[in-house]
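Peer 1: need coordinates for the below:
(one chain, ligands or ions: 2)
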Amino acid sequence: MNLREKYGIPQNAVITIAGTVGVGKSTMTKALADALQFRTSFENVDTNPYLDLFYDDFEKWSFHLQIYFLAERFKEQKRMFEYGGGFIQDRSIYEDTGIFAKMHWEKGTMNNVDYETYTNLFEAMVMTPYFPHPDLLIYLEGSIEDILSRIQERGRVMEQQTPVDYWLEMHQRYENWINSFNGCPVLRLNINDYDLMNNPDCSEQIVERIGSFMKQTSILRK
Ligand SMILES: Nc1ncnc2c1ncn2[C@@H]1O[C@H](COP(=O)(O)OP(=O)(O)O)[C@@H](O)[C@H]1O
Ligand SMILES: Nc1ncnc2c1ncn2[C@H]1C[C@H](O)[C@@H](COP(=O)(O)O)O1
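Peer 2: Ligands and ions are numbered 1, 2, ... in the order given. Predicted structure coming up:
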């Protein structure tokens with residue numbers, strides 16, 4: 001019996017991994033997809049034509065980048081549901097608007113007209129009864145010190161050159177955002193409670209937590 005069956009996780013589940021930059025979403029996506037034999041949906045950082053430009057000049061490129069991410073994320077959403085689920089997704093579509101677009105607008109690096117255009121588009125595409133929400137959002141949380149050291153360790157130059165205040169602001173916003181998020185059930189995992197790099201066996205403990213959490217939430221929803 002595989003881990004998915006052992007812990008009663010539906011074969012068609014769509015699980016999305018949320019959390020601030022560098023917290024460990026991609027690593028968790030790979031580990032869970034391997035453990036559950038699910039497909040993956042990753043953000044393609046290397047092929048993103050706006051990301052470097054954006055980090056160089058937020059004001060000029062924030063709108064272009066948000067539109068690009070929205071299109072990519074929406075295509076992925078469609079792909080996951082066309083396959084009939086069985087996916088682990090690296091970052092949810094909700095974070096684009098709830099964290100990034102909002103933060104750049106409130107900080108003045110996205111203007112009012114662009115923000116309104118973006119949110120109208122987001123709402124028309126996502127906030128409809130036809131938009132399928134994930135079955136579970138796993139929220140990865142950790143201290144800002146750990147996250148900053150992971151950003152350094154990973155070594156994406158544009159992120160390393162971004163002022164620390166940007167990451168502090170984002171970290172704070174994530175905490176506020178997740179406390180009021182209600183798009184789907186949320187399972188919180190603290191990054192100090194597992195170590196996927198040095199202890200691959202901990203995937204099974206995480207799968208076990210996911211299984212019991214999904215069982216609980218499906219009972220509560222009945
Ligand atoms: N459990 C972990 N323990 C230690 N380091 C980790 C762990 N998970 C991820 N990392 C490291 O942290 C950095 C960021 O991880 P990544 O999965 O790329 O984050 P994200 O996708 O959230 O931006 C990478 O260098 C990765 O190797
Ligand atoms: N919606 C977004 N707006 C701005 N920047 C974004 C958005 N989504 C992702 N990003 C950035 C942040 C990181 O530099 C890379 C990849 O994110 P990661 O959390 O490392 O997977 O893209």
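
Peer 1: does the residue lying closest to Val186 once chain neighbours are set aside sit in a helix, a strand or a coil?
Peer 2: Nearest residue to Val186, sequence neighbours excluded (CB to CB, 6 or more residues apart in numbering): Leu137, at 5.0 Å. All C-beta atoms are positioned from the backbone trio N, CA, C, and that covers glycine. Three-state call for Leu137 (DSSP: H, G, I helix; E, B strand; the rest coil): strand.

Peer 1: ligand 1 contacts on the chain?
Peer 2: Taking CB under 6 Å from any ligand atom as the contact definition, the chain meets ligand 1 at 19, 21-27, 150, 153-154, 191, 195-197.

Peer 1: which PyMOL command selects the buried ones in those residues?
Peer 2: Applying 16 or more other CB atoms under 10 Å to these, the buried members can be selected in PyMOL as follows:
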select buried, resi 19+21+22+23+24+25+26+27+150+191+196
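
Peer 1: give me the number of residues near Asn111?
Peer 2: Neighbours of Asn111 under the rule other CB atoms under 10 Å: 14.

Peer 1: Phe213: which of the residues of the chain next to ligand 1 is nearest?
Peer 2: Nearest to Phe213, judged by CB to CB, of the residues of the chain next to ligand 1 is Gly19 at 16.6 Å.

Peer 1: and that closest one, what does it touch?
Peer 2: Residues counted as contacts of Gly19 (CB atoms under 8 Å, 6 or more residues apart in numbering) are 25, 139-142, 174.

Peer 1: got those residues as TSV, with secondary structure, pLDDT and distance to ligand 2 columns?
Peer 2: Formatted as TSV, the contacts of Gly19 follow (DSSP: H, G, I helix; E, B strand; the rest coil; pLDDT from 0 to 100; distance: CB to the nearest ligand atom, whole Å):
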residue	secondary structure	pLDDT	distance to ligand 2
Lys25	helix	98	5
Tyr139	strand	98	13
Leu140	strand	98	10
Glu141	strand	98	14
Gly142	coil	98	13
Tyr174	helix	98	11
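
Peer 1: most neighbours of all those residues, which one?
Peer 2: Neighbour counts for the contacts of Gly19 (other CB under 10 Å) peak at Lys25, which has 25 neighbours.
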